[in-house]
Every structure is written in C-alpha cells, then in structure tokens.
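K.L.:
With the sequence up front, the predicted model follows.
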Amino acid sequence: MSTLQIAETQFVTVNGIRVAFRRFGKQSQVPLLYINHLRGSMDTLDALLFNAIAKNREVIVYDSFGIGHTPKSTAAMAAIAAGFVVAIGVEKADVIGFSMGGGVAQILAWDYPHLVRKLVLAGTQSAIGEGVVLPPKEVLESAGANNDEPPTLEDMLRLFFFPSDSSLAIGRQWWNRIHERQVTGEERKGFLVGPGARSQLTAIFSFSLNSSNFDRLKDIKAPTLVTNGHNDIMSPTPNSFSLQQNLPNAQLIIYPDAGHGHLFQVPELYAKHLDLFLGH
C-alpha cells in the first residue's frame, strides 16, 4: 500500500489549470478527497493522520491554489475541485475540508451534490448568520500577517494548538511530521506565500461575510460529520455547534485539550472516528 511520504505526484489539467495530485491507500469504492487549509500544500500534510486514514480507504490530495492560478473566491475553488474529481475519473467521493477547505467543501456539497457521498467539516464554519462567532481581531490580523514568508513553528503552534504543555508538545511532533516527505528529484512545495496566500485570504473573507452561504447550509443533503477542538481560535468552536444545528443531517465531535488543528493532535483517534462515520 502506498503512503503519503512516497505517493507518486500526478498532474491533470482542469479548465486550463494544472492540478497536482496524489492517490494512496487501500483501494476503495468511494475515495476520500481532502481539501486543504489556508496556505497548506500536499507537502505540508500530516503523514501519521493520512496514513492512518489510508489503511481503510483510498485518499486523494491535491494542489491547485497558488500554483499558476489562485482563485479569489471559494466558489471558484469548489469549481476546480469538482472539475478535478471528474477529470481523474471519480464518480463520487467522500470529502473532508479543513479550515478554508471546509468552506470550499460546503460549496462543493451544495453546488455539486452528485459528486459528494459524505462530508466532513473540520475546524471550519459557515458564513455569518445566527449563532456564528467571528475570530478575535488579533487572530485575523495574525493569520493575514507576513504572508510573504512561510509560517514558523511558533506561528503554527499559536494558531493550530491549545496553549497547554501537552498540546504544544504534540504540536512540535506534528511540525516534524509535516516535513517528512522528501522525494528525490521532486521539489518540495511548502506553505503558500505571497499573492497566492493573499488571494486565499480574500476568498475566505468573501465566503465568511456572505450571509447567503449560511442560508444554503440547509441545501447540503450529504450526511455530515463536524469536528473541532474545544478551543479553536481561528474558527471559533461555537461555530461548529452552529454548523451541526443548521445542517440537515450532521453529527458533531469536539476534542478536549485541542484547538484548530485538532485532527493533527489526535491523528490515530481521528482516523478511527472518520472510519466509523464513513463506513456506517
């Protein structure tokens, strides 16, 4: 079975955009498509999490944003995701979107429902609406600062992990894991910087401030799992409860001693919960 660290990088063109992708894991009738967070790339994924998921199903990860073309709207990102799924011959997928990827996944689920069997929304939120809480101003400023440079370990610990000794220790282990993939002859693509990162921020803010996106939650028919840490400062944890309450068919899991990057804090447990949901 192929793993995240050694999966072959393939390419496909979608609407004139070159999309890089990797497929790995146990062959399954319905693969799992992962849509990444702000500034993330395939080379910054957590090997422990994704290899644990891949033990029971095929996993598909991809990069398109910031590589030759960066849409300034989540709707355009969702259109690329939909075109990508079709281009690689997948009729229907389970979809997990983390953070920014959760906004893209929501649009994918309501605009292209025939492509989505089940949906997982991790550390994300809907647009503004009843019960939705905006992140603190200093967090928004921090996320939008220094986008010409890649984030440091300290940046990611602050944004992704709960400020407890145990959570921060796990965060440092995660940081080491996301640097594991080193393939001979392949240029490593780290965190997105520059205009691409700023375009992603524009897309996130546009999605979050469009209240019609909140109203469209009711249009998502796919069974949904919502997950978060108990103290997410980027997509405040109460917004996960709001998602669960406003989606037609949703479950909610909140992980203790965890923040925005909860799925990286308990990767093996998260993979088990994911497997239960997707396999039920």
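P.N.:
Okay, I see it. Numbers count the residues shown, from 1 in each chain.
K.L.:
Provide the strand pairings for the longest strand seen in the chain, with the direction of each partner.
P.N.:
Using DSSP state E, we find that the single longest strand of the chain is strand 17-25. Using DSSP bridges, the strands paired with strand 17-25 are strand 10-14 (antiparallel), strand 58-63 (antiparallel).
K.L.:
Comparing those, which yields the minimum mean pLDDT?
P.N.:
Mean pLDDT per stretch puts strand 10-14 lowest among the strands paired with strand 17-25, at a mean of 92.
K.L.:
Please work out which residues outside that strand touch it.
P.N.:
18, 19, 20, 21, 22, 23, 64, 80, 83, 84, 87, 88 (CB atoms under 8 Å, 6 or more residues apart in numbering). (Each C-beta comes from the backbone N, C-alpha and C, glycine too.)
K.L.:
My read is that the last one contacts residue 60, right?
P.N.:
Translated: residue 88. Yes. With contacts counted by CB atoms under 8 Å, residue 88 reaches residue 60, the gap being 7.4 Å.
K.L.:
Need the overlap of contacts for those two.
P.N.:
21, 23.
K.L.:
Where do the strands of this protein begin and end?
P.N.:
10-14, 17-25, 32-35, 58-63, 93-98, 116-122, 224-229, 250-255.
K.L.:
from the contacts of strand 10-14, which would you call buried?
P.N.:
19, 20, 21, 22, 23, 64, 80, 83, 84, 88 (16 or more other CB atoms under 10 Å).
K.L.:
can you count the residues close to residue 10?
P.N.:
12 (other CB atoms under 10 Å).
K.L.:
Next: residue 213.
P.N.:
21.
K.L.:
now residue 7
P.N.:
21.
K.L.:
now it: how far from residue 49?
P.N.:
14 Å (CB to CB, to the nearest Å).
K.L.:
so where's the stretch 1-150 of the chain uncertain?
P.N.:
Counting by pLDDT under 70, the stretch 1-150 of the chain has low-confidence residues at 1, 65-71, 141-146.
K.L.:
still on that earlier bit, figure out which of the strands of the chain is closest to residue 157.
P.N.:
strand 224-229 (13.2 Å; CB to CB).
K.L.:
Tell me what angle the closest one forms with strand 250-255.
P.N.:
Here strand 224-229 runs at 20 degrees with respect to strand 250-255, directions being taken by axes from the mean of the first three to the mean of the last three CA atoms, to 10 degrees.
K.L.:
Nothing else from me, thank you.
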